[in-house]
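Student: Kindly generate the corresponding structure for this input.
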Amino acid sequence: MTDTITPEPEAKRLGYYLTMEDLIERLQCSKATIYKMVRKGEFPAPIKLGRKAVWDEPAVVDALEALARRPMAENPSIPMATRAAMASAEARRSGRIDDESAA
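Tutor: Take a look at the predicted model:
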């Protein structure tokens, strides 16, 4: 029996925040690439919490899903590793990847 990975609805309710370090790890891209996507309107702007910049996780997920659906020709600035991370995250959220194939 295989279990499917389902989206975590509590993320929208609890309002998780991601740091720049979280984004760099998840997207496998540089700080400069993230800010470039913000400037182009492809990615949400950070929220300032004191001296720290954070991103609202549900807004990041929505932006990544929108970017993943666009053809590569429309997103030449997004590195291939980032595209792979976006596609993998979208597949997990939609339940197309189960525990056995993710391992």
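
Student: Neighbours of Lys36, how many?
Tutor: Using other Cβ atoms under 10 Å, Lys36 has 15 other residues around it. In short, each C-beta sits where N, CA and C put it, glycine included.

Student: got any ranges where the chain has weak pLDDT?
Tutor: 1-15, 72-103 (pLDDT under 70).

Student: max-length strand in it?
Tutor: If you go by DSSP state E, the chain has its longest strand at strand 52-56.

Student: Met20 contacts Ala53, doesn't it?
Tutor: Yes. Counting by Cβ atoms under 8 Å, Ala53 is a contact partner of Met20 at 6.4 Å.

Student: Overlap in contacts, these two.
Tutor: Residues touching both Met20 and Ala53 by Cβ atoms under 8 Å, 6 or more residues apart in numbering: Pro46.

Student: what about Met20, distance to Lys48?
Tutor: Separation of Met20 from Lys48 (Cβ to Cβ, to the nearest Å): 12 Å.

Student: With neighbour numbers in mind, choose between these two.
Tutor: Each of Met20 and Lys48 has its neighbours counted (other Cβ under 10 Å); Met20 has more, 15 against 9.

Student: show me the contacts for that one.
Tutor: Contacts of Met20 by Cβ under 8 Å, 6+ apart are Lys31, Ile34, Pro46, Ala53.

Student: residues contacting the closest residue to the last one other than its chain neighbours?
Tutor: In this case it means Ala53. Computed as Cβ to Cβ, 6 or more residues apart in numbering, the closest residue to Ala53 that is not its neighbour in sequence is Pro46, at 3.7 Å. Counting by Cβ under 8 Å, 6+ apart, Pro46 makes contact with Met20, Val38, Ala53, Val54, Trp55.
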